[in-house]
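A.B. asks: 3D model of this:
(chains A, B, C and D)
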2 protein chains.
Amino acid sequence: MESPSRDRILEAAQRVYAEHGFRGATTRRIAEAAGVNEVTLFRIFGGKEALLAAAIRPGAQRQDIVALPDEPADPEREMTAWVAANLAFLRERRSIIRKTMSEMEERPQFAACVREGPQYAREALGVYLAALRGHGWVDGDVDVRAVIAMLIGVVFSDAMGRELMPDHFPPLAAAPRSYARLFLRAIGLRERPPKRASKQENETSAADGRPPQVRPSNSR
Amino acid sequence: MESPSRDRILEAAQRVYAEHGFRGATTRRIAEAAGVNEVTLFRIFGGKEALLAAAIRPGAQRQDIVALPDEPADPEREMTAWVAANLAFLRERRSIIRKTMSEMEERPQFAACVREGPQYAREALGVYLAALRGHGWVDGDVDVRAVIAMLIGVVFSDAMGRELMPDHFPPLAAAPRSYARLFLRAIGLRERPPKRASKQENETSAADGRPPQVRPSNSR
DNA sequence: GTAGCAAGCAAGCACTCACTTGCGTGCCCG
DNA sequence: CGGGCACGCAAGTGAGTGCTTGCTTGCTAC
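C.D. replies: Just a heads-up that it's a prediction; the model follows:
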């Protein structure tokens, strides 16, 4: 069940599907892209639907993503690296994601492959944000779900729409830092730990750790 | 050139295209959806490509969007209304946008219809943000393009992905306010006009207008 | 009335699509 | 050597799919 051509077909099916979508990914095209006779494809997978389901299944092309540290030390740096990694990941898969989202009404089984990315990211961001909050660096009234959706949202829309509207986004190289900084500003992280109600002004400031810096714009 | 069936065909073509994409929008299906003989469709538009190009062309289903005021008075309220209107607009068109984005590599002519929405929104947000900045309510080191991309990004991804991952986003009714508030926090708008460098502390504060309030969480 | 025009209807054409059948062929393992 | 076994090749089938042709029908304007 682990024939050598099986993997070539799956990989070719992914490419062709990413380029042409479900209806455009004809069995002929896939077979040709895999350098395989069209009949082989039916013999191994039974049919087009099953073949593409196997090719697009969740985790089919998962790659390890940069992890956020358990203990935040330098939020801007850590968030920037994380955003850059996630942006790159989504950009690589942008074609296949667009096709799958476009067809999820007709073929909801395929949608899991686009769900898993954001879900993983959301969880990672959640624990990191909780850790930040544990340090008292986050404003108390922040809508956690909304701010996470906001960051993932801009990374997602950047990955999906940059080639369509290049001027809509910051330059690709600068974008991760920009998004990370805006995220940190939105949760209330400043050059000093947030002054909450009124007191504790100097209680948590320099006590439990070096306060992170977000403000300096030209820190490159 | 303004036959009565022409409009019915165009409207039907939009619906069928939004549901099935370009390849799935067969001339037979469109004709049936329009309650029109298939031949009529070819007589009027010449062919499938031209028909869909006319149906999907920019401005084909433009609707007036809530405008941002020239002079900001209550940013949270104004931004919330604006975000709600834009979110609703994108949600209505989500199917057609998904299909068009999925096929823009093969049919770039159609992509203009998805470009125009964000472009209009970006311009409106830009002038509003400039007005806010004119009041001294915005931090000086904010990356304007990034923060605009951030807001539009989360609205876009909400409209595209909410039905796929409902728990990823705040409840639909609460989302516009959440996004608007995060946007305002990201640009540095607080319950008091931002303290810039050191002086002008009380120069712009209560002079030229009532400072907007963003902080109170349970203000509903 | 009748000419013109928009639209319906039936049929068909060339082509693509997913999928099948039958058969040949090389290769590995006992 | 010989039997699976994976795969290639040629051909074909039925169902679409974009598009055309030829003809009829109803309505409106002169």
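
A.B. asks: Any idea how far apart the tips of stretch A:22-36 sit?
C.D. replies: End-to-end distance for stretch A:22-36: 19 Å, by C-alpha to C-alpha, to the nearest Å.

A.B. asks: Give me the secondary structure label for the most centrally placed residue in chain A.
C.D. replies: Centroid-nearest residue in chain A: A:Asn86, 4.1 Å away (criterion: C-alpha atoms, centre = their mean). Using DSSP: H, G, I helix; E, B strand; the rest coil, the structure places A:Asn86 in helix.

A.B. asks: packing partners for the worst-scoring helix or strand of chain A on mean pLDDT?
C.D. replies: Here the helix or strand of chain A ranked lowest by mean pLDDT, DSSP states H and E is helix A:112-134, holding a mean of 92. If contacts are counted by 3 or more C-beta pairs under 8 Å, 6 or more residues apart in numbering or on different chains; DSSP states H and E, helix A:112-134 sits against helix A:75-92, helix A:94-102, helix A:144-161. From N, CA and C alone the C-beta is placed, and that goes for glycine too.

A.B. asks: Could you pick out the residues of chain A near DNA strand D for me?
C.D. replies: Contact residues (C-beta under 7 Å from any atom of the strand) of chain A with DNA strand D: A:Ser3, A:Pro4, A:Ser5, A:Arg6, A:Gly35, A:Val36, A:Asn37, A:Val39, A:Thr40, A:Arg43, A:Ile44.

A.B. asks: Which two among these are spaced furthest apart?
C.D. replies: A:Pro4 and A:Val39 (16.6 Å; C-beta to C-beta).

A.B. asks: So for these two, which sits in the more crowded spot?
C.D. replies: Legend: neighbour count by other C-beta atoms under 10 Å in any protein chain shown for A:Pro4 and A:Val39, higher for A:Val39 (10 against 6).

A.B. asks: Helix or strand: which one has the more buried one?
C.D. replies: helix A:38-45 (DSSP states H and E).

A.B. asks: The very next helix or strand once past that helix and DNA strand C in contact?
C.D. replies: Of the helices and strands lying after helix A:38-45 in sequence (DSSP H and E), the nearest is helix A:48-56. Yes - Helix A:48-56 reaches DNA strand C (C-beta under 7 Å from any atom of the strand) through A:Lys48, A:Glu49.

A.B. asks: Helix A:48-56 - contacts with which helices or strands?
C.D. replies: helix A:4-24, helix A:27-34, helix A:38-45.

A.B. asks: In CSV, could you pull the C-alpha coordinates for it?
C.D. replies: Provided in CSV are the C-alpha atoms of helix A:48-56 (Å, rounded to 0.1, in the frame of the first residue of the first chain):
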residue,chain,number,x,y,z
LYS,A,48,-11.0,11.5,-8.5
GLU,A,49,-12.9,12.5,-5.3
ALA,A,50,-11.0,10.0,-3.2
LEU,A,51,-7.6,10.9,-4.7
LEU,A,52,-8.1,14.6,-4.0
ALA,A,53,-9.4,13.9,-0.5
ALA,A,54,-6.2,12.0,0.2
ALA,A,55,-4.1,14.7,-1.3
ILE,A,56,-5.8,17.6,0.6
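
A.B. asks: quick one: buried residues of it?
C.D. replies: A:Lys48, A:Leu51, A:Leu52, A:Ala54, A:Ala55, A:Ile56 (16 or more other C-beta atoms under 10 Å in any protein chain shown).

A.B. asks: Adding distance to A:Leu129 and pLDDT, write those out as a markdown table.
C.D. replies: Shown next, in a markdown table, are those (distance: C-beta to C-beta, whole Å; pLDDT from 0 to 100):
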| residue | distance to A:Leu129 | pLDDT |
| --- | --- | --- |
| A:Lys48 | 43 | 97 |
| A:Leu51 | 40 | 97 |
| A:Leu52 | 37 | 97 |
| A:Ala54 | 36 | 95 |
| A:Ala55 | 35 | 95 |
| A:Ile56 | 31 | 93 |
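
A.B. asks: still on that earlier bit, any idea how far chain B is from the residue nearest to the centre of chain A?
C.D. replies: 13 Å (C-beta to the nearest C-beta, to the nearest Å).

A.B. asks: List the contacts of that residue.
C.D. replies: A:Ile65, A:Ala121, A:Ile152, A:Val155 (C-beta atoms under 8 Å, 6 or more residues apart in numbering or on different chains).

A.B. asks: Quick one: name the residues of chain A near DNA strand C.
C.D. replies: A:Ala25, A:Thr26, A:Thr27, A:Arg28, A:Glu38, A:Val39, A:Phe42, A:Gly46, A:Gly47, A:Lys48, A:Glu49.

A.B. asks: Among those, which one is most surrounded by other residues?
C.D. replies: For those, the largest number of neighbours (other C-beta under 10 Å) sits with A:Ala25, at 24 neighbours.

A.B. asks: Not counting its neighbours along the chain, what's nearest A:Ala180?
C.D. replies: A:Met79 (3.7 Å; C-beta to C-beta, 6 or more residues apart in numbering or on different chains).
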